[in-house]
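Student: Below: sequence and its predicted model.
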Amino acid sequence: MKQPEEIAAYLKDKIVKGVLEFVPAEIGQPWITLAPDSIKNIAKFLRDDSELRFNTLMCLSGVHYPAEQELGVTYHLHSTTFGHTVALKVRVPIDNPRVQSVESVWKTADWHEREAWDMLGIIFDGHPNMTRILCPDDWEGHPLRKDYVQQETYQGITTRF
Amino acid sequence: MGLLDKKYHDSNIIIVSLESALNWARKSSLWYEQFGLACCAIEMMATAASHYDFDRFGIIPRSSPRQADVMIVAGTVTMKMASRIERLYEQMSEPRYVISMGSCSNSGGPYWEHGYHVLKGVDKVIPVDVYVPGCPPRPEALLEGFLTLQKKIENESIIESKPSDKITEEADRHETT
Amino acid sequence: MLEFLENIIPSSTIALVVFALFPLVLILVYALFAIWAERKIAGFIQDRLGPMRTGGFHGWAQTIADMLKLIQKEDIIPKDASSFLFKLAPFMIFTASYAAFAVIPFSSGYIGSNINIGAFYLLAITSFLTISIIMASWASNNKWSLVGGMRTAAQMVSYEVPTIVTVLSVLIVASSMNLMTITEMQTGNDIMGFLPNWFIFQNPFLIVAFALFFISMLAESHRVPFDLPESESELVAGYQTEYSGMRWGMFMLAEYADMLLLSLLGATLFFGGWNSPFGTFMSGPVWGFGWFMLKGMLLVFVMMWIRWTLPRYRVDQLMHICWSILIPLSFVNFVLVALWEMIF
Amino acid sequence: MQTQIKEGFQTFKSIFIGMGITLRHFFQPSVTIQYPEVRDVLPAGARSKLFVNIDDCIGCNLCARACPVNCIDIETVKATADIDLGKTSTGNPKRLWVTQFDIDMSKCMYCDLCVHPCPTNCIYMVQEYEYSEFDRKNLIFKFSDLTPDKVIEVKEKLVKETEEKNREKELAQQKKDQEKEKDAGKTGE
Amino acid sequence: MTHQISANVQETREMTINMGPQHPSTHGVLRLEVVLNGEVVSRVHPHIGYLHRCFEKHAEAMDDYSKVIPYTDRIDYVSAMNQEHGYVIAVEKLLQLEVPERVEYVRVILAELQRIASHLLGIGTFGLDLGAFTPFLYCFIEREKILTIFEKISGARLLYNYICVGGLMRDVPDSFKPETADFVKTFRPKIKELNDLLSYNKIFIDRTANIGILPAEVALNYAASGPMLRGSGVSWDLRKNDPYSIYDRFEFDIPVGSGEVGTVGDCWDRYMVRVREMEQSLVIIEQALEQMPDEGNVMEAVPKRIRMKEGEVYVRTETPRGELGYYIISDKSPSPFRVKVRAPSFVNLSILPAISRGALLSDLVAIVGSIDIVLGEVDR
């Protein structure tokens, strides 16, 4: 069982590229920020390393940060072997929101990533089926962005009250 | 209303008693289309279960829309689902009725303001006969909705209505489709 | 009974028609009652009440209302359906069940047609049910219907084998195919001094035969646990999915008529048909009819009771039960029945 | 073979056990409540329909603000100085005409959140749950007891009063200004 | 002379069939695009979103953290209490708020009662999928008793909005304790009856054993949770492994699938874990009723308008369907900046294509039933 700080230190020690910094939080949970183009390698390492063994991805959430003009993805990992948890974050600019897919590492990321694409428009490179999951295929826009404007009609039905 | 809808031009004692018999049959045997959408579907199941027992009213579920008389829209209709609801309604055979159960299908309910993906009232796609309020309605409220629908059925007629009525009815139909 | 009718009705043709319509009336009255009864039984088993409001006392008029409503319903024929077969199937299925009643000896005074290959005729005519169901499912042009229809075909064809073999084991005991003769053979109370002369008491292996017959009967009339053709939770409504209104009502009627038919056949073959269980006490044509219906209804009740208790089998398990359990067992049992007959 | 016989035996055994249970239930009394004739007694505080005791309403708008779905529409008009609206039963003074108090029960989600902030306890849930309608518009409940004429009258009165007040204010202002000018003139001289 | 049948006569085509969104056994508005080879399932593509009610958007649009609670009820409408509990714990963690002792006990009792109610529905509908209609209604009779208890304390039957930030909306009535105790007493024999009628029915076993086998490592890779994971033999329960609220004060077992009648991780195991979990919930309720203080405050002083600091939490609780995670980012505004729900059904359902390959169409119904999804939670 490791604390997030120890995990961050361990990661920085083992992996040179991609681990940016450890952010302790004022309240709640601390996290480690990563580079979006190396997340897959780090994920693999996290899963397979004998001292970490993060075998489940509990949650993958997309976030829109309107102030910074950025989109972010938060990964919550958990190890059933050791019982420790960690939160990882990546940030990408909103005009080129490309993050590496971790679908091949944790299968559960499949639907989560599709949802993040659907809701926030984050593109996951290497995902086998990057299609909308909750909204219909012909939906316009990504609803969870803070600047989302609801479309007026969908297939001839008004969407407003 | 079915095959005999407005087939008679004037009323006499036979037709009137036939009419009441037919209306009695229709109102006593409302088979509902068995599908649930959301929270209200759980209460619908509870209504069909032993404690409230739909079957007392002769109401039983049919899973094929062809054999159903009444569609209970039990829950939130989303944009993705709206066209399916419409098609299901079209598949039902006349005479058919729709009960809108719960706030969501009445008007979008809690989701009317920010729910970009929620249809704001099922009456935007299909004509609704009875609105049952509640979120979700108690099983008794749904049963009361059925009693209200029965009242409506009792007043239906196989006698052709007067021309003036007809025009408004036509207009209504155009509005709904 | 025909002579009696001819006596009171001047035209013999009309008398014949009245005579022939008797089973139809019976089926309709029975269906009205049985559908209501099924809902009531289901209700009581599930700690609820079933129909209560239509018509007053315990919703007795429920089925009448249902039928009257079904008549009013719009008759939908899907555009891509094969219209002729689609229309024909419900009538055919009902005709088949109705025609099969011709050889059932309802009482010592009434049998539609006292032919000497009654049992054979009955088994042959019930095969029409399979054909009509396949017709309905194929003509609907619906995938669910098709899957349901294919299942039915496989199921009914398979289960016909154990049904026939078990019927055959009775036939060798009776050495007749005339159902009236078979019933007459079971008159009297001679076994161990008090038991009626029913076949089920005459030969211990016929008890096994009855059990096998009952199981295959459930499958033949597709009731739970073998109700795969119309399994609601899998196939929506199986082969009936596209039917509406009175055409669907025909299927329902036929289903209940089928149940009655097989129950009555079971009662004839194993439980002495119209014979009273108390020898000559309360016997005679009218009482006989009552006894016969009572026996049939008891079997129908057990079928309903099973329906509201058990889950259903899967299609491959159904086939497995038939081909690797019921058929070998029924053949072995057939030989044993024959041996017992030879020895005693 | 032996296992098959055993399995067959188990099958029949489990089927008979099940049938025994259903038969037992067959003879047990039912649990059904025959609804229109017999009704369940709802517990105190059952949430079935919103009701507003408009006599007690002070038009504070707290319930509308607490509502997550914004199904409460309240419009108030300030009472003119010559009218005393009295007090609520809880003793709060009423200062506003509640010209509109509409609750759209077809949007409401019966969460009870509007009930708690009310200072005079005038909005609460009642136990009436049977109010299905043929028309959705009938599910909008209007609680304001003012007639449309009265509303117009009240509004006009307020407009008049504010106008008067404004005029008074203006007059006062003008006076002040004049005095100021005078003062300025004086000092200028 | 042998007669050769030409190859294209023998050729069979796969049939694509659409299950749902309106289908009696999809537990709502799930649509399964099934590619069938005869009756054997070659591929399944689940299509979800037919009940996407934009929860996360609503959470961001509300101008108060407590206004989100009624919406959390509607995520998983079968276990509303658990949803509220999870959300409220997350918000309290952000506020660094301690709630009174009595509140914790009431919450735990309600959560466990809700777990029983939810499992009863899951078990009942599972039986219904397999054609057993009567057990479904027996389960509903019992469920109705729980709903009556809930209605007495909260005023609503299904969606309660009872647990609020800092405590409870109102105090529980005096009748709560004896009635709950009474329910616990009467419910135990009903579990036995259910086992006799359904669980150990041979037909039921035939239908569910060795069907839809989910191996433990696949389950972990898919992040399955709840009975889905425990059915595969992994002893993992957040109430024990990562205790929240006051679950560390109770003694109870974690039932896991053991392959009693088939293989570990089949539909029957997942079903049976639910049945046994109901027993364990009864054990927890009994202990909680015993320890619960009779008097006490039920509402911690929370400011009317919650002022939040910047921060984020990921709080996970064990709902009847598995691990429910609330990822809440707060900023200084009164409304949450981002609320993401990690819904257990959403994750559990994504396993369906992996475990239903090669099953029969009827098995597919059983597998979907054994996952026990609630579409409100899948689509949110």
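Tutor: Alright, I've got the coordinates.
Student: which intervals of chain B have sub-threshold pLDDT?
Tutor: The model of chain B has pLDDT under 70 over residues B:1-11, B:159-177.
Student: If we use 90, what do you get?
Tutor: Chain B contains residues with pLDDT under 90 at B:1-69, B:73-96, B:101-126, B:129, B:133-142, B:150-177.
Student: got a list of what the nearest residue to A:Ser61 once chain neighbours are set aside touches?
Tutor: When the adjacent residues along the chain are set aside, A:Ser61 lies closest to E:Lys340, with 3.8 Å between them (CB to CB, 6 or more residues apart in numbering or on different chains). From N, CA and C alone the C-beta is placed, and that goes for glycine too. Going by CB atoms under 8 Å, 6 or more residues apart in numbering or on different chains, E:Lys340 touches A:59, A:61-63, E:56, E:325-328.
Student: Spatially, which two of the residues you listed are the most separated?
Tutor: Using CB to CB, the pair of these lying farthest apart is A:Gly62 and E:Tyr326, separated by 15.5 Å.
Student: if we can go back for a sec, in terms of distance to C:Pro90, which of the contacts of E:Lys340 ranks first?
Tutor: E:Glu56 (50.7 Å).
Student: about what we covered before: can you read off the pLDDT for the residue nearest to A:Ser61?
Tutor: For E:Lys340, the pLDDT comes out at 90.
Student: go on, the one 5 residues further on?
Tutor: In the prediction, the pLDDT value recorded for E:Ser345 is 89.
Student: Name the SS class of it, please.
Tutor: helix (DSSP: H, G, I helix; E, B strand; the rest coil).
Student: Now flag whichever of the contacts of E:Lys340 is closest to chain D.
Tutor: E:Glu56 (14.8 Å; CB to the nearest CB).
Student: Pretty sure that closest one sits against A:Leu144.
Tutor: Yes. Look at E:Glu56 against A:Leu144 with CB atoms under 8 Å: they come within range, at 5.8 Å.
Student: Show me the common contact partners of those two, please.
Tutor: Common neighbours of E:Glu56 and A:Leu144, using CB under 8 Å, 6+ apart, are A:Met119.
Student: For the chain, which segments are assigned as strands?
Tutor: Defaulting to chain A. In chain A, the strands defined using DSSP state E lie at A:19-23, A:27-28, A:31-34, A:56-65, A:70-78, A:85-93, A:98-100, A:123-125, A:153-154, A:157-158.
Student: hmm, I had chain C in mind actually
Tutor: Using DSSP E, strands in chain C cover C:105-107, C:110-111.
Student: Can you flag the weakest of the ones you listed by average pLDDT?
Tutor: Across these, strand C:110-111 gives the lowest mean pLDDT, at a mean of 78.
Student: gap between the one residue sitting closest to the centre of chain A and A:Ala25?
Tutor: Central residue of chain A (CA atoms, centre = their mean): A:Val73, 3.0 Å from the mean position. To A:Ala25, A:Val73 is 17 Å away according to CB to CB, to the nearest Å.
Student: what's the burial count for residue 117?
Tutor: This is for chain A. For A:Trp117, the neighbour count with other CB atoms under 10 Å in any protein chain shown is 21.
Student: My question was about chain C, not that one.
Tutor: 14.
Student: what's the neighbour count on the closest residue to it other than its chain neighbours?
Tutor: Leaving out its chain neighbours, the residue that sits closest to C:Ile117 by CB to CB, 6+ apart is C:Met177, at 4.9 Å. Residues near C:Met177, counting by other CB under 10 Å, number 20.
Student: ok, now the one 5 residues further on?
Tutor: Applying the criterion other CB under 10 Å, we find 23 residues in the vicinity of C:Ile182.
Student: C:Val25 and C:Trp287: what is the separation?
Tutor: Using CB to CB, one obtains 20 Å as the distance from C:Val25 to C:Trp287.
Student: With neighbour numbers in mind, choose between those two.
Tutor: Taking neighbours as other CB under 10 Å, C:Val25 and C:Trp287 compare with C:Trp287 leading, 15 against 10.
Student: Contact partners for the closest residue to the more buried one other than its chain neighbours?
Tutor: The spatial neighbour of C:Trp287 that comes closest, neighbours along the chain excluded (CB to CB, 6+ apart), is C:Ser276 at 6.3 Å. By CB under 8 Å, 6+ apart, C:Ser276 lies in contact with C:196, C:282-283, C:287-288, C:291.
Student: Try it again at 10 Å.
Tutor: Residues near C:Ser276 by CB atoms under 10 Å, 6 or more residues apart in numbering or on different chains: C:187, C:189, C:196, C:282-284, C:287-288, C:290-292.
Student: same question, A:Ile27
Tutor: By CB under 10 Å, 6+ apart, the contact list for A:Ile27 reads E:93-96, E:308-313, E:330.
Student: can you pull the pLDDT of the residue of the stretch 1-150 of chain C found nearest chain E?
Tutor: Nearest residue of the stretch 1-150 of chain C to chain E, counting by CB to the nearest CB: C:Gln46, 4.3 Å away. At C:Gln46, the predicted lDDT confidence score is 88.
Student: quick one: it from E:Phe140, how far?
Tutor: The gap separating C:Gln46 from E:Phe140 is 9 Å, by CB to CB.
Student: Compare these two and say which is more crowded by neighbours.
Tutor: A side-by-side neighbour count of C:Gln46 and E:Phe140, using other CB under 10 Å, places C:Gln46 first with 28 against 25.
Student: what residue ranges in the stretch 1-150 of chain C score low on pLDDT?
Tutor: C:1-36, C:38-150.
Student: What residues does chain D have near chain A?
Tutor: D:Lys107 (CB under 10 Å from any CB of the partner chain).
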